[in-house]
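Peer 1: Sharing a model prediction with you, sequence too.
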Amino acid sequence: MSSPAAQRGREVRRRLLTAAVELIPERGWTAVSTRNLAEHAGVTPSVVHYHFPSLQALLREAVTEALNRAAAELEALFDTAGTADGLIEALLAGVDSFTGQESTSLLLVEAYLAATRDDSLREAIESTLSATRTRLAHRLADSGVSDAESTATVLLATLDGLVLYQGLGVAPGGPATVLKRLVADSGKRSGSEPKNAWRQS
């Protein structure tokens, strides 16, 4: 059993990570300071550096956790469809909850931008994206889509692009039709037939 002190430490750490996830979309990555983060979490600034080696390390961990949660939710959709067309519909339905202006969208945009200047953050984001891309590629391959890895990369990049467009007030028409044609054409080129069941990964 953990000691009361250890439990309090975990709680403070969790509050700091939660505060970071809330402040990054509100203020922007570079505007989050140790002071305003601590104030938002209800702790003293010195506590931040007690639990984390640096402010940037805290922000990286907070964003990585949030991205992993978003990826898990997206991956859960992979098992809801048994065809490539059904998978496209499920993915687009999942994107509908991201307006480009709500906190999760803004958090990811800020993280992607920060990753261009932070190799550790970029590697953490790429690790999560790579795992999601691999799972999606398995589902596409099982549905008879050729070059499944490249197709999965394009599909995920398209989803990111749709969220960014929505944040700018642009609503591209008919993405489902275009994406279904992409996987259908890929399947025709492969000359393969979809398998009866999804591969378990």
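Peer 2: Yep, that arrived.
Peer 1: residues contacting the residue most central in space within the chain?
Peer 2: Centroid check for the chain by Cα atoms, centre = their mean gives residue 67 as the closest residue, at 3.9 Å. Residues near residue 67 by Cβ atoms under 8 Å, 6 or more residues apart in numbering: 108, 111, 124-125, 128. The C-beta positions use only the backbone N, C-alpha and C, and glycine is treated the same way.
Peer 1: Wait, residue 83 touches residue 143, no?
Peer 2: Yes. Under the criterion of Cβ atoms under 8 Å, residue 83 makes contact with residue 143 at 5.8 Å.
Peer 1: tell me the SS of the residue nearest to the centre of the chain?
Peer 2: helix (DSSP: H, G, I helix; E, B strand; the rest coil).
Peer 1: quick one: pLDDT of it?
Peer 2: pLDDT recorded at residue 67 is 92.
Peer 1: Against residue 46, how distant is it?
Peer 2: 28 Å (Cβ to Cβ, to the nearest Å).
Peer 1: Tell me which stretches of the chain form helices.
Peer 2: For the chain, helices defined by DSSP state H occupy the ranges 4-27, 34-41, 45-51, 55-78, 84-95, 103-115, 119-142, 148-167, 175-190.
Peer 1: Now the weakest link among those, please, by mean pLDDT.
Peer 2: Comparing mean pLDDT over those, the weakest stretch is helix 175-190, at a mean of 75.
Peer 1: what are the phi and psi values for residue 32?
Peer 2: Main-chain dihedrals, residue 32, degrees, to the nearest 10: phi -80, psi 120.
Peer 1: And residue 83 and residue 143? Which one has more around it.
Peer 2: Set residue 83 next to residue 143 and count neighbours by other Cβ atoms under 10 Å: residue 143 wins out with 23 against 14.
Peer 1: you'd agree that one is up against residue 88?
Peer 2: No. Applying Cβ under 8 Å, one finds residue 143 not in contact with residue 88, separated by 10.3 Å.
Peer 1: Overlap of the contact sets of those two?
Peer 2: Jointly contacting residue 143 and residue 88 under the rule Cβ under 8 Å, 6+ apart are residue 183.
Peer 1: tell me the contacts of residue 155?
Peer 2: Residue 155 makes contacts with 88, 91, 136, 140, 179, 182, as judged by Cβ under 8 Å, 6+ apart.
Peer 1: thinking the last one is in contact with residue 151, fair?
Peer 2: Yes. A contact is recorded between residue 182 and residue 151 when judged using Cβ under 8 Å, the distance being 6.9 Å.
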